[in-house]
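> Mind looking at a prediction? Sequence and model below.
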Amino acid sequence: MAQRITLLTDFGTRDGYVAAMKGIIASICPTATIDDASHDLPPGDVVQAAFTLRRYWSLYPPGTVHLIVVDPGVGTERRALVTSRRYQREAQSATFHGRDVFAPVAAHVACGVALEDLGPVISDPVQLELPSPDIKASSVRGQVICVDHFGNLITNIPAALLGAAPKVAVDGRAVVLRETYGQGELGQPLALVNSDGLLEIAVRDGSAAVALRAAYGAVVEIMTEKKAGT
Amino acid sequence: MAQRITLLTDFGTRDGYVAAMKGIIASICPTATIDDASHDLPPGDVVQAAFTLRRYWSLYPPGTVHLIVVDPGVGTERRALVTSRRYQREAQSATFHGRDVFAPVAAHVACGVALEDLGPVISDPVQLELPSPDIKASSVRGQVICVDHFGNLITNIPAALLGAAPKVAVDGRAVVLRETYGQGELGQPLALVNSDGLLEIAVRDGSAAVALRAAYGAVVEIMTEKKAGT
Amino acid sequence: MAQRITLLTDFGTRDGYVAAMKGIIASICPTATIDDASHDLPPGDVVQAAFTLRRYWSLYPPGTVHLIVVDPGVGTERRALVTSRRYQREAQSATFHGRDVFAPVAAHVACGVALEDLGPVISDPVQLELPSPDIKASSVRGQVICVDHFGNLITNIPAALLGAAPKVAVDGRAVVLRETYGQGELGQPLALVNSDGLLEIAVRDGSAAVALRAAYGAVVEIMTEKKAGT
């Protein structure tokens, strides 16, 4: 059985760019299963692409081919990690490498071409720099790094940094810490550890982004409990 | 051949929550076919979810697994009809039961686990209460229960209640009764029996919701013909 | 192996109309692979449907069934190219031929019914009239025919008409000609030959539609180089 290919892009679906990639895959590796992950990432936003990818890639079985095309610099000098001209489309445009380079390569891999046949190993890929929380003795200062479809504010503060009886504030406003959305009061923001293992600010049956007028970059602070006598 | 699984959620696709469920399914039951039904239901709106589901579930072949995750109370005490801890994900979050509970169970069912292995039969499920039309001798008073993608206003009045030569009014405004969209005049609202078998208010090549400034809950009245001499 | 079916509609996915077509296909031809091309075409816009279809249909393998339902005149006298009542759904609505006529026919074709069994050959299909560029000795006058998801302005001017050292103007405003998006200056519009082989106006990491306040129908002019001495 050929492998499964997941697709993650910022193309939208309206124009047929995604369908062009699917057609290429179907022609090269007709037995591959194609899963749409998402095609409505914010255009060119590699940070949000990384967060979306983080939520699903490891849940797929080993051998799955994950094809991500979010490419603010198409046609410029950015370097693909694995490609060989041999496995690309013969006719190439200057502007649509998802169709002409990446979809055909993904299809060949799904149908059995080994990664080592795609080119030399690259040991110094460009790394995405994500903001890290600022950790002090009795506080952690992080930020909102993703606002999801529901208006939940997802932070860069992992659960392990919460400590005992933490107090949480978003842009200086205190919010209660709960375990589930359902424990919140209607319209009132709450903080919880979400399914990514990160601190998240939410509003039960509502949007925390709207309720708190908060967006990417909003400051989230944790005051952790001090020990008795100190 | 493993069964087919359809997915219906209010997750949107942007964040990768749907892809996480697909990854779980692909890992547990790789031969299952996954059909996206919709992921852009209004958040938490179980009434609209029910109407969307009503349009397609019975058209699928017997044995299809229909997975619907529209869950305003995730993490609270609502009761799933069929689950067994054995078929759920080992690591569980408090906030994403679509990934941790329902997707794995659906995948196991698609790959052959019998429903009776998922837990005891539940005979008293919570029922969704939908508004019923008010039926009188010579009139029916219903309401708009769904505004679709085209701005069509779909009512809770089944075709069987229309009677002979009915007169239709939306929020007190008369609209003509026709058989197809194409029989309407441009910009003028019309009523017809739609593909759900329900009375629908539409505008040819336009939006009835915009033309009539009507939304969920708008009153639709039918005056049916009285017999001669009465 | 049954064939692949691609779906292109203006239905949106929210209401379950697409899922209804998938259910019909799954019931008639369960081994067919279904690829979503797009479901968010502008309602009834057959011109944009044609441009979207143009981007992908020829990239699919021969034998693929391409099902397109963008039907401003549903229920009126427009004529389907290939249908036979025998392969349609028994129960039919007046308003949803995607479900009742076209999906079942596509499914039967994918599972082996020959096109000639669907009805007589039609030799005079209604043709879509698209605007053609106006070509003169030293200039070409075309127009924007598609604004894509990124705000790129795609014209009806093929690369072959560009000539040597062309000067490009959009609504009278000059734009530079480049080869890739990445060669543009941030915020400044540029022209290039796109992946459709057509002249396109774009803005690097931005929207040309916004930057130039241009939409479908905007005039794009090419002044081609005159020979020396003339």
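Looks like it arrived, so ask away. Keep in mind that this is a model prediction, so the values were computed, not measured.

> Break down chain A into its strands, ranges please.
For chain A, strands defined by DSSP state E occupy the ranges A:4-9, A:33-38, A:65-69, A:134-135, A:139-147, A:153-158, A:167-170, A:173-177, A:189-193, A:198-203, A:219-223.

> Tell me which residue in chain A sits closest to chain B.
The minimum distance from chain A to chain B, using CB to the nearest CB, falls at residue A:180 (2.6 Å). The way it works is simple: take the backbone N, C-alpha and C, and place the C-beta from them, glycine included.

> Quick check: buried residues in stretch A:149-166?
Applying a neighbour-count criterion of 16 or more other CB atoms under 10 Å in any protein chain shown, one finds A:149-157, A:161-162, A:166 buried in stretch A:149-166.

> same question, stretch A:180-197
A:180-182, A:184, A:189-196.

> Then stretch A:61-69?
A:64-69.

> if we can go back for a sec, identify, from the buried residues of stretch A:149-166, the entry nearest to chain C.
So of these, ranked by how close each gets to chain C (CB to the nearest CB), first place is residue A:149, at 13.5 Å.

> Those residues of chain A touching chain C, which are they?
A:11-20, A:22-24, A:26-27, A:30-31, A:34, A:36, A:43-44, A:72-76, A:93-96, A:99-100 (CB under 8 Å from any CB of the partner chain).

> Would you write out the PyMOL command that picks the buried residues out of those residues?
To isolate the buried ones among those in PyMOL, judged by 16+ other CB under 10 Å, type:
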select buried, chain A and resi 11+12+13+14+15+16+17+18+19+20+22+23+24+26+27+30+34+36+43+44+74+75+93+94+95+96+99+100
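
> Contacting chain B as well, which ones from the residues of chain A next to chain C?
residue A:36.

> Select from the residues of chain A next to chain C every entry located in helices.
A:17-20, A:22-24, A:26-27 (DSSP state H).

> okay if I get the residues you listed as TSV plus pLDDT and distance to residue C:56?
Output for those, formatted as TSV (pLDDT from 0 to 100; distance: CB to CB, whole Å):
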residue	pLDDT	distance to residue C:56
A:17	97	8
A:18	98	8
A:19	98	4
A:20	98	4
A:22	98	7
A:23	98	5
A:24	98	9
A:26	97	10
A:27	97	11
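
> Tell me which helix or strand in chain A has the weakest average pLDDT.
Using mean pLDDT, DSSP states H and E, the weakest-scoring helix or strand in chain A turns out to be helix A:97, at a mean of 90.

> What residues does residue A:220 make contact with?
Going by CB atoms under 8 Å, 6 or more residues apart in numbering or on different chains, residue A:220 touches A:141-144, A:153, A:155, A:157, A:168-170, A:199, A:201.

> pretty sure residue A:30 contacts residue C:60?
No: in this structure, residue A:30 is not within contact of residue C:60 by CB atoms under 8 Å, at 9.7 Å.

> what touches both of these two?
What both residue A:30 and residue C:60 touch, as defined by CB under 8 Å, 6+ apart, is the set residue C:4.

> OK, contacts around residue A:206?
Counting by CB under 8 Å, 6+ apart, residue A:206 has contacts A:151, A:186-187.

> Can you tell me which of those residues is nearest residue C:48?
residue A:151 (30.8 Å; CB to CB).

> quick revisit: can you redo the contacts of residue A:220 as TSV, where the extra columns are pLDDT and distance to chain B?
Output for the contacts of residue A:220, formatted as TSV (pLDDT from 0 to 100; distance: CB to the nearest CB, whole Å):
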residue	pLDDT	distance to chain B
A:141	97	24
A:142	97	19
A:143	97	18
A:144	97	14
A:153	97	13
A:155	97	14
A:157	96	16
A:168	96	16
A:169	96	21
A:170	95	18
A:199	97	12
A:201	97	12
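
> Please indicate which of those residues are buried?
By 16+ other CB under 10 Å, the contacts of residue A:220 give A:142-144, A:153, A:155, A:157, A:168-170, A:199, A:201 as buried.

> and residue A:134, what is it in contact with?
A:140-142.

> And residue A:14, by the same measure?
With the criterion set at CB under 8 Å, 6+ apart, residue A:14 makes contact with C:38, C:40-41, C:48, C:52, C:148-149.

> Would you check how far apart it and residue C:9 are?
11 Å (CB to CB, to the nearest Å).

> any common contacting residues for the two?
C:38, C:41.

> hang on, isn't residue A:70 packed against residue A:46?
Yes: using CB under 8 Å, residue A:70 is in contact with residue A:46, at 5.5 Å.
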